[in-house]
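1. Model the following, please.
(one chain, ligands or ions: 1)
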Amino acid sequence: MTFTRRNLFALAATASFAATLAGLGLPVHAAMAADDTVKIGMIQPMTGPFASTGVEAVAGAKQYIADHGDTVAGKKIELVVKDDTGSPNETKRIAQELVVNEGADVLMGFGLTPLAFATAPIASQAKVPMVVTAAATSSITEKSPYIVRTSFTLPQASSAMGEWAAANGIKSVVTLVSDYAPGKDAQDWFVKTFEDKGGKVVEQLTVPLKNPDFSPFLQRVADNKPDAVFVFVPAGVGAQFMKQFRERGLGDAGIKLIGTGDVVDDQIVNDMGDVALGVVSAHHYTAALPSDMNQKFVKDFKAANGGMRPNFMAVGAYDGMALVYHALEKTGGDASGEALIEAMKGLSWESPRGPVSIDPDTRDMVQNIYIDRTEKKDGELYNVPIDTVENVKDPAKAAK
Ligand code: PHB
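-> Sure, this is the predicted structure:
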């Protein structure tokens, strides 16, 4: 007999539960969250090449608890953080341990697409909500009916960039993306929207995800002499990209840099130097959003984290927590998987990024996409919003 989390709970309700486990030689702990506690198992890369994502996300989740308290609908919220180092096998193993041995009611995190893909079957088997606060390949939410996402999709950001580029005098582009699923989404949706509006993509380049050396690819960009290069690299990697972009002198050669906001994320943009000035990017969050709510969020987050600026990974996790809190309010504290997932569909709230809602059909966020220009503001580099596309659904799913 295999024990899913669900039938463990059903068994727990019977007097024979302990006897059954003991009879099977299983430890009786099955340490399930106490009834008055909702346990959120957050799995993130806290070490390794993508640690910047985990550090921002955990700080974002903690900021939400600091702002809203650790009790909701009579339940105490317990956040447990685990480091998967960015390895899919680890993410899956930890997720399994969290639901089977630690009684997690919700799984949260998933800093990269392969980590979310690896864990989707666990969410389905255990019927536990899996809140994706980072990974952004469109198809992720299709991998389990228990997945809900509070980050974004690459098609959301890339299509906004494609339209903006075509409408703003850019005629020829080379695309340069990391060679894995979100890179393909970014490339496909930029190319489609830019070419639909009359632009021409002259070459499509993919660079390795791990330890990328951008130099040979930047040389190809330079050889093509396009008006602009469109870039997607995951959070954190933009620092290395910008260094090599400067060294190759592409900006000096008059090639504009455009992309999704990942390449100039708020944790690293201020250290990029003048080479980043004038970069135009499309994203669902920038620390420069002027709303009172965002400015308070940025101030409090920096104060709690030694001056680190919140980036979109922090906001994804902040809203991951908001999603769980609002869902618990709706269920009156019922944290069973089915009840929570149903409650999450269609929820809407005000986030530091602006108004958001969960599309009940796709379980993705409907949100504003901002077109940002990197500029100096109060002596620091920020991605300053210059245009807004409101209430954007994931276009990849709308197209199906
Ligand atoms: C992803 O792997 O889905 C991913 C990671 C980091 C990003 C965007 C997408 O900045």
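2. and the protein, which residues reach the ligand?
-> Counting by CB under 6 Å from any ligand atom, the residues of the chain close to the ligand are 112-113, 134-137, 182, 234-235, 262. Every residue, glycine included, has its C-beta placed from N, CA and C.
3. May I ask which of the residues you listed has the most neighbours?
-> A136 (32 neighbours; other CB atoms under 10 Å).
4. In contact with it, which residues?
-> 113, 151-154, 182, 185 (CB atoms under 8 Å, 6 or more residues apart in numbering).
5. So it lies in a strand, does it not?
-> No: A136: not assigned to a strand; according to DSSP: H, G, I helix; E, B strand; the rest coil it is coil.
6. Could you check how far it is from M293?
-> Applying CB to CB, to the nearest Å, the value for A136 to M293 is 23 Å.
7. How about V177?
-> Taking CB to CB, one finds V177 at 32 Å from M293.
8. More neighbours: which of the two?
-> Just comparing V177 and M293: by other CB under 10 Å the higher neighbour count belongs to V177, 26 against 13.
9. Show me the beta-bridge partners of that one.
-> T206, F232 (DSSP bridges).
10. Does it touch G183 like I think?
-> Yes: the pair formed by V177 and G183 meets the contact definition of CB atoms under 8 Å, at 3.5 Å.
11. Please identify every residue contacting each of those two.
-> 206, 232.
12. so which of the contacts of A136 is the most crowded?
-> So for the contacts of A136 (other CB under 10 Å), the most neighbours sit at T153, 30 neighbours.
13. for it, what are its contacts?
-> T153 touches 136-138, 185, 364, 394, 396, counting by CB under 8 Å, 6+ apart.
14. Pick out the most distant pair among those residues.
-> D185 and D364 (12.6 Å; CB to CB).
15. okay, and the common contacts of these two?
-> 138, 153.
16. where does this protein have low pLDDT?
-> For the chain, applying pLDDT under 70 flags the ranges 1-34.
17. Off-centre distance for the single longest helix found in it?
-> Counting by DSSP state H, the longest helix found in the chain is helix 312-331. Its chain's average C-alpha position is 13 Å from that of helix 312-331, according to CA atoms, centre = their mean, to the nearest Å.
18. For that helix, C-alpha coordinates in PDB please.
-> The C-alpha trace of helix 312-331 is given here as PDB (Å, rounded to 0.1, in the frame of the first residue of the first chain):
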ATOM      1  CA  PHE A 312      10.700  40.500  -9.200                       C
ATOM      2  CA  MET A 313      11.600  37.300  -7.400                       C
ATOM      3  CA  ALA A 314      10.900  39.000  -4.100                       C
ATOM      4  CA  VAL A 315       7.600  40.200  -5.300                       C
ATOM      5  CA  GLY A 316       6.700  36.800  -6.800                       C
ATOM      6  CA  ALA A 317       7.100  35.300  -3.300                       C
ATOM      7  CA  TYR A 318       5.500  38.200  -1.500                       C
ATOM      8  CA  ASP A 319       2.400  37.600  -3.700                       C
ATOM      9  CA  GLY A 320       2.800  33.800  -3.200                       C
ATOM     10  CA  MET A 321       2.100  34.400   0.400                       C
ATOM     11  CA  ALA A 322      -0.700  36.900  -0.300                       C
ATOM     12  CA  LEU A 323      -2.300  34.100  -2.400                       C
ATOM     13  CA  VAL A 324      -2.200  31.600   0.400                       C
ATOM     14  CA  TYR A 325      -3.400  34.200   3.000                       C
ATOM     15  CA  HIS A 326      -6.400  35.300   0.800                       C
ATOM     16  CA  ALA A 327      -7.300  31.700  -0.100                       C
ATOM     17  CA  LEU A 328      -7.300  30.700   3.600                       C
ATOM     18  CA  GLU A 329      -9.500  33.700   4.400                       C
ATOM     19  CA  LYS A 330     -11.900  32.500   1.700                       C
ATOM     20  CA  THR A 331     -12.000  28.900   3.000                       C
END
